[in-house]
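Q: model this:
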Amino acid sequence: TDCWLVLCGKVYDLTDFHPSHPGGSKIITDCAGMDATLLFEPIHPSDIAERLLSPDVKKGLVDKSTIREEHIAKPEEEEKEGDILSANGKPPIETMLNIFDF
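A: Got it, this is the predicted structure:
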């Protein structure tokens, strides 16, 4: 089964990548077919996908104004976006998965 999602207005096929994702496969597969930007941005720099993934996984661009509310993946109640950020807007150092996150 394919696993495509939108990150920062770009469509990615993460079918081959999600099993090796440092944060676990589930976070990606739970967002398959959706815009995962709200979950992605608090944890990763917006350009990390383009820097670390093969260019062939980027499938195209999405006009953000065309994305419906029901297709936007949102943090669960206990994991609100601001809960994991420190005062400088970065995740706490103990949650760091790799140096590219900072």
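Q: contacts, neighbours, all on C-alpha from now
A: OK.
Q: which residues of this structure fall in helices?
A: When assigned using DSSP state H, the helices of the chain occupy the ranges 26-29, 37-40, 48-52.
Q: average pLDDT across the first one?
A: It stands for helix 26-29. Confidence over helix 26-29, taken as the mean pLDDT, stands at 94.
Q: so for it, what gets flagged as buried?
A: Along helix 26-29, the positions that meet the burial threshold by neighbour count (16 or more other CA atoms under 10 Å) are 28-29.
Q: from the chain's centroid, how far away is that helix?
A: Average the C-alpha atoms of helix 26-29, do the same for its chain, and the two points are 9 Å apart (CA atoms, centre = their mean, to the nearest Å).
Q: also the second one?
A: Once both centres are worked out by CA atoms, centre = their mean, helix 37-40 turns out to sit 5 Å from its chain's centre.
Q: what is that helix packed up against?
A: strand 4-7 (3 or more CA pairs under 8 Å, 6 or more residues apart in numbering; DSSP states H and E).
Q: just checking, P75 touches F40?
A: No - in this structure, P75 sits apart from F40 without contact. The criterion is CA atoms under 8 Å, and the distance is 9.9 Å.
Q: more crowded one of these two?
A: F40 (20 against 13; other CA atoms under 10 Å).
Q: number of residues surrounding the closest residue to that one other than its chain neighbours?
A: Computed as CA to CA, 6 or more residues apart in numbering, the closest residue to F40 that is not its neighbour in sequence is L7, at 7.2 Å. When counting by other CA under 10 Å, one arrives at 21 neighbours for L7.
Q: go on, the one 3 residues further on?
A: Other residues lying near K10 total 18 when counted by other CA under 10 Å.
Q: surely it is in contact with V62?
A: Yes - the pair K10 / V62 is scored as a contact, 5.8 Å apart, by CA under 8 Å.
Q: dump the C-alpha coordinates for the lowest-mean-pLDDT helix or strand in the chain into CSV.
A: Across the helices and strands of the chain, the lowest-confidence element by mean pLDDT, DSSP states H and E is helix 48-52, at a mean of 91. Provided in CSV are the C-alpha atoms of helix 48-52 (Å, rounded to 0.1, in the frame of the first residue of the first chain):
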residue,chain,number,x,y,z
ILE,A,48,14.4,18.6,6.1
ALA,A,49,12.4,16.3,3.7
GLU,A,50,14.1,17.9,0.7
ARG,A,51,17.5,17.7,2.3
LEU,A,52,17.4,14.1,3.5
